[in-house]
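Engineer: Below are the sequence and a predicted model for it; my questions follow.
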Amino acid sequence: EQASSGGLKAPMFRASKLTFLLKDSLAGNSKTCMMATISPASDNYDESISTLRFASSVKSIKTVAVQNKNKKDALIENLRE
């Protein structure tokens, strides 16, 4: 998401156990794949709808993964060149 100052800000997540567990993967420095599993049984209808809504909201989150570089490794690489 874009912040008002032009920089990127962290996406807002709903308060749930699942998003708490996935927060580093969803907004962190990683590529994440979301797989939603639902049930065709009518007694699981509410949970299936909730899962689909969650998957839909996660689908709209865009992250940019960049390679983490250690300062020492970068210095050694520069000295080798």
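Structural biologist: In hand now; what should we look at? Numbering: from 1, shown residues only.
Engineer: Tell me where the model's unsure across this protein.
Structural biologist: 1-14, 25-30 (pLDDT under 70).
Engineer: how about the strands of it, start to end?
Structural biologist: Under the criterion DSSP state E, the chain carries no strands.
Engineer: All the helices of it, in order from the start?
Structural biologist: Counting by DSSP state H, the chain has helices at residues 17-27, 45-59, 71-80.
Engineer: Can I get those in JSON lines including distance to Met35 and mean neighbour count?
Structural biologist: Every C-beta, even on glycine, is put in place using the N, C-alpha and C of the backbone. Listed next are those as JSON lines, based on distance: least, Cβ to Cβ, whole Å; neighbours: other Cβ atoms under 10 Å:
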{"stretch": "helix 17-27", "distance to Met35": "12", "mean neighbour count": "13"}
{"stretch": "helix 45-59", "distance to Met35": "8", "mean neighbour count": "13"}
{"stretch": "helix 71-80", "distance to Met35": "34", "mean neighbour count": "9"}
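Engineer: With distance to Thr37 added, can I get the ones you listed in TSV?
Structural biologist: What follows is these, written out as TSV (distance: least, Cβ to Cβ, whole Å):
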stretch	distance to Thr37
helix 17-27	13
helix 45-59	7
helix 71-80	40
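Engineer: Could you report the separation of Tyr45 from Ser39?
Structural biologist: For Tyr45, the distance to Ser39 (Cβ to Cβ, to the nearest Å) stands at 8 Å.
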